[in-house]
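Trainee: attaching a predicted model along with its sequence, questions to come.
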Protein chains: 2
Amino acid sequence: MAKELKELTSRATNYSQWYQDLVIKADLAESSAVRGCMVIKPYGYAIWEKMQRVLDDMFKAEGVQNAYFPLFIPKSFLSKEADHVEGFAKECAVVTHYRLKNNPDGTGVIVDPEARLEEELIVRPTSETIIWSTYKNWIQSYRDLPLLCNQWANVVRWEMRTRLFLRTAEFLWQEGHTAHATEEEALKMTRTMIDVYGTFAEKYMAMPVIKGCKSANERFAGALDTYTIEALMQDGKALQSGTSHFLGQNFAKAFDVQFTSKEGKAEYVWATSWGVSTRLMGALIMTHSDDNGLVLPPRLAPIQVVIVPIYKNMEMLQAIDEKVAPVVEELKKRGISVRYDNSDNKKPGWKFAEYELKGIPVRLALGGRDLENGTVEVMRRDTLEKETRSFDGIADYVETLLGDIQQNIFQKALDYRATHTITVDSYEEFKEKIEDGGFILAHWDGTPETEELIKQETKATIRCIPFEGDTTPGQCMVTGKPSARRVLFARSY
Amino acid sequence: MAKELKELTSRATNYSQWYQDLVIKADLAESSAVRGCMVIKPYGYAIWEKMQRVLDDMFKAEGVQNAYFPLFIPKSFLSKEADHVEGFAKECAVVTHYRLKNNPDGTGVIVDPEARLEEELIVRPTSETIIWSTYKNWIQSYRDLPLLCNQWANVVRWEMRTRLFLRTAEFLWQEGHTAHATEEEALKMTRTMIDVYGTFAEKYMAMPVIKGCKSANERFAGALDTYTIEALMQDGKALQSGTSHFLGQNFAKAFDVQFTSKEGKAEYVWATSWGVSTRLMGALIMTHSDDNGLVLPPRLAPIQVVIVPIYKNMEMLQAIDEKVAPVVEELKKRGISVRYDNSDNKKPGWKFAEYELKGIPVRLALGGRDLENGTVEVMRRDTLEKETRSFDGIADYVETLLGDIQQNIFQKALDYRATHTITVDSYEEFKEKIEDGGFILAHWDGTPETEELIKQETKATIRCIPFEGDTTPGQCMVTGKPSARRVLFARSY
């Protein structure tokens, strides 16, 4: 995998190119031969696996079980919920045939016209319809509720403009689908899951998020309410990082899923769905990384510590090997993933650049002088600060340092967001300030028309109506009509 | 999820129906609204997750990294390897369009004829072609080798006759794809991975397997050699449970993947691929289960121990709750998954039947007399034996018992195989004995023609040419021609 290091475009020069370069050069992902579909490379996938493991445990702690539903959805299912089909029909991969045959001219294969499906199948863009058609058979009584399922799966949305991780035709995600006896319980679940996502984003990804409701325009197709976590990237654009939908009884009615209540009455089931995807990889990269490469939060870094020996001859290398071995063992024992890179086909300088690019949170380097002095050079990736320390007690120090880095990059992102969140009262000021990027808190009259006007004129959307923060009423910056509270605007990915 | 317990067809009555009943009634999987595609229900998926976790760790111990490649494969890729296209073209789901639109008559959606893809896409039936088209960019030098990737993914093969887990249009699997500098190294990897599968089958699934080579007729489409693990089900039919393929340079040549050797020469890369799928679920079920339901090996059981209180009033239940709590804690501390089912909407008899059906390896039951006597009733699922024991030290006993059950069901399966494996010398005897089911070791002249004749006349196939066992040469039972050694025949799934 030959690669020219240090050819990363700087963020200031071209943020979008910097992102693209970084994803490729850090071996996270690349485009494939299939338009809009990506290959997630081993290093990128290792980060995704760490995310999956943590999230999966969090879901299970909420009583959610994993299951698996079909990749394909009969075309007619999509039409059963009116808003849903409106939202998804335009970007569906459609399977029409089930066989190829040899081309009579001998040049490979063609689609066998005789193998046409009676009803076309959609490759799932999301699974509400196939899952609710299944839930119909699983739910008869209140005793069958709540039903809390999640699946880890691939989905396909035929987007015309794609970017690695952020918007791809196929992506990986998890989608939870829950069924409840009451509206109240379903609403509580919707909120619980957005809180799970918020906790994951902040505690593991070290990415601060603002939680809130989507406006009607921005809701999931088929939902009565959509909750979201919104993060701010370093270019001042917002990134929707996870959503949790209150679906009311829409899908239960579309698929006729009723249960017998404790009182013996037939009632429609209440639903939620919620998901995060490989888009989180894009969020992670853009929140922390810098012009030298990735910066990863220690809690999600596949390799947390790398140790590089600097040696003039094989005797010196052997002495370093021996010195390092017990520390590697000690770190592993503490559950810290560590790589000792004593490969001799790469120079230390190359290794330093490579591990910086890959965002390994802590680098230790040992040379001849360190052996003599009983020292080690420690570099932390987040600040690029180096220090020479006593080798004794280095495992303790590294463990603490990993915690510090996790905290520091979260704080840094939080500070960035604080200095890039402003309050604006006039539409004139809004139009001016939106050019600088960042979040803007402003009053809005609550109508889709005003929201649409703002979007057309400024490319900014309402990211959410925050659950928390200033709830003082005011007047819409555009129409002057009453506003219940300030809402969060930004341009977004 | 209302369900009539104890309506399982017996194996003797109708083995195939027993299997179907069991998969449904034990809540493992069910058919979906999409022909041939299954829904894997939470309990079934929990077993699959345990399999995945163990296998994934075993792969990583061999240096394999996970990655993810696209769901779709351009139609033309399939044609690049001649045998490969021959093997898979006839059962491919084909994506031809990327959009639906509203039906002008207002009745839902139709495929938008204007959204036709320039080149049709195949839903992957296996990923050699898309992966080797990617590897071309990843491999330049011997330093880039070996490249050891695996993906956990869904694949689609449009089979006409499907059975839950055993043969479904969509299934879940892992597929490993490795690239090597030498033939020797690739052959070694092919063998390593079939050994990993064999170890997994025997140590975790408690399912004895015979490892060997496939005959040319039964090879993977595009492979030079296919290694397999073959298990024997309780109805005397063989089940191919995992395969590892030596692909030679076929895919490297098809996708022009060359590397510069240490000597500076351009050479084609050597390849392997290997996979196991949700078919293992079918193998697991059919190897151990009985007329009362599932029998699960403790190492793969999502719940290893269930505790059921038998009480006459709430005071008694409370006393049992208190008695049981520390044992639940103690078992969890030992890494044993335990469920204490004190739900009061189901009778103990119902719970007993339910947990028998679900194959929970150990059941503990405590009633009023047990409280007085300091005892507990222990039932082991594999033999259905019950005994009343002292409650003191029950955690130790349960831990040992789980190990015994794991060992016992393996031994039972091994004994079954031993009594259902025979050696046959004449084709007459073969034709008679094959009707009884089981493995038959017989001499074969090594030709595809003889193999095909046997298949046509007896429905038996060569399951493998075993790596081990009797290697004495002899004469083909059909043609009398020389045979290098006995090979393993059976009818199979």
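Mentor: Nice, thanks for sending it over.

Trainee: for the stretch 201-350 of chain A, which residues are neighbours of chain B?
Mentor: The interface of the stretch 201-350 of chain A toward chain B, taken as CB under 8 Å from any CB of the partner chain, is made up of A:Asn345. Every residue, glycine included, has its C-beta placed from N, CA and C.

Trainee: how many neighbours does the residue in the stretch 201-350 of chain A that chain B sits nearest to have?
Mentor: Nearest residue of the stretch 201-350 of chain A to chain B: A:Asn345, at 6.8 Å (CB to the nearest CB). Neighbour count for A:Asn345, taken as other CB atoms under 10 Å in any protein chain shown: 6.

Trainee: next one: A:Leu453
Mentor: Around A:Leu453 there are 14 residues (other CB under 10 Å).

Trainee: please enumerate the helices of chain A.
Mentor: Using DSSP state H, the helices of chain A run over residues A:15-25, A:42-61, A:75-78, A:82-88, A:128-138, A:183-203, A:250-254, A:279-288, A:314-333, A:348-357, A:368-373, A:394-419, A:427-433, A:448-458.

Trainee: make CSV out of those and add mean pLDDT.
Mentor: Below are those laid out as CSV (pLDDT from 0 to 100):
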stretch, mean pLDDT
helix A:15-25, 97
helix A:42-61, 98
helix A:75-78, 93
helix A:82-88, 87
helix A:128-138, 97
helix A:183-203, 98
helix A:250-254, 96
helix A:279-288, 98
helix A:314-333, 97
helix A:348-357, 96
helix A:368-373, 96
helix A:394-419, 98
helix A:427-433, 98
helix A:448-458, 97
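
Trainee: which of those sits most buried?
Mentor: Mean neighbours per residue, mean count of other CB atoms under 10 Å in any protein chain shown, is largest over these for helix A:279-288, with a mean of 25.

Trainee: next one: that one to chain centre, how far?
Mentor: On the basis of CA atoms, centre = their mean, to the nearest Å, helix A:279-288 sits 7 Å off its chain's mean C-alpha point.

Trainee: helix A:394-419 and that one, what's the angle between them?
Mentor: Calculated by axes from the mean of the first three to the mean of the last three CA atoms, to 10 degrees, helix A:279-288 forms an angle of 90 degrees with helix A:394-419.

Trainee: who touches the residue nearest to the spatial centre of chain A in this structure?
Mentor: Nearest residue to the geometric centre of chain A (CA atoms, centre = their mean): A:Leu280, 1.4 Å. Neighbour list for A:Leu280: A:51, A:205, A:241-242 [criterion: CB atoms under 8 Å, 6 or more residues apart in numbering or on different chains].

Trainee: what residues does the stretch 351-493 of chain A put near chain B?
Mentor: Counting by CB under 8 Å from any CB, no residue of the stretch 351-493 of chain A is near chain B.

Trainee: what's the spacing between A:Leu401 and B:Asn342?
Mentor: Separation of A:Leu401 from B:Asn342 (CB to CB, to the nearest Å) stands at 47 Å.

Trainee: the residue of the stretch 201-350 of chain A closest to chain B contacts B:Asp144, doesn't it?
Mentor: No. Counting by CB atoms under 8 Å, A:Asn345 stays clear of B:Asp144, with 11.9 Å between them.

Trainee: ends of stretch A:245-265, what's the gap?
Mentor: 26 Å (CA to CA, to the nearest Å).

Trainee: name the residues of it that come out as buried.
Mentor: A:245-252, A:254-255, A:257-259 (16 or more other CB atoms under 10 Å in any protein chain shown).

Trainee: could you dump these into a markdown table with distance to B:Arg380 added?
Mentor: Formatted as a markdown table, those follow (distance: CB to CB, whole Å):
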| residue | distance to B:Arg380 |
| --- | --- |
| A:His245 | 45 |
| A:Phe246 | 46 |
| A:Leu247 | 44 |
| A:Gly248 | 48 |
| A:Gln249 | 46 |
| A:Asn250 | 48 |
| A:Phe251 | 43 |
| A:Ala252 | 42 |
| A:Ala254 | 47 |
| A:Phe255 | 42 |
| A:Val257 | 39 |
| A:Gln258 | 41 |
| A:Phe259 | 37 |
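
Trainee: and of the residues you listed, the nearest to B:Ile303?
Mentor: A:Phe259 (25.8 Å; CB to CB).

Trainee: tell me what that closest one is bridged to.
Mentor: A:Glu267 (DSSP bridges).

Trainee: am I right that A:Leu453 is in contact with A:Val478?
Mentor: Yes. Judged on CB under 8 Å, A:Leu453 makes contact with A:Val478 at a distance of 6.5 Å.

Trainee: and of the helices of chain A, who's closest to A:Arg161?
Mentor: helix A:15-25 (12.0 Å).

Trainee: send the alpha carbons of the closest one over as CSV?
Mentor: Once non-C-alpha atoms are left out, helix A:15-25 reads as follows in CSV (Å, rounded to 0.1, in the frame of the first residue of the first chain):
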residue,chain,number,x,y,z
TYR,A,15,-11.4,21.7,4.0
SER,A,16,-13.3,19.3,1.7
GLN,A,17,-10.1,18.1,0.0
TRP,A,18,-8.4,17.8,3.4
TYR,A,19,-11.2,15.4,4.5
GLN,A,20,-11.0,13.4,1.3
ASP,A,21,-7.2,13.1,1.4
LEU,A,22,-7.3,12.1,5.0
VAL,A,23,-9.8,9.3,4.6
ILE,A,24,-7.7,7.9,1.8
LYS,A,25,-4.2,8.4,3.2
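
Trainee: so which elements touch that helix?
Mentor: strand A:29-31, helix A:279-288 (3 or more CB pairs under 8 Å, 6 or more residues apart in numbering or on different chains; DSSP states H and E).

Trainee: can we see that at 10 Å?
Mentor: strand A:29-31, helix A:279-288, helix A:348-357 (3 or more CB pairs under 10 Å, 6 or more residues apart in numbering or on different chains; DSSP states H and E).

Trainee: minimum distance to B:Trp270: which of those has it?
Mentor: Comparing the helices and strands packed on helix A:15-25 by CB to CB, strand A:29-31 comes nearest, at 23.5 Å.

Trainee: phi and psi next, for the residue of the stretch 201-350 of chain A closest to chain B.
Mentor: phi -100, psi 10 (degrees, to the nearest 10).
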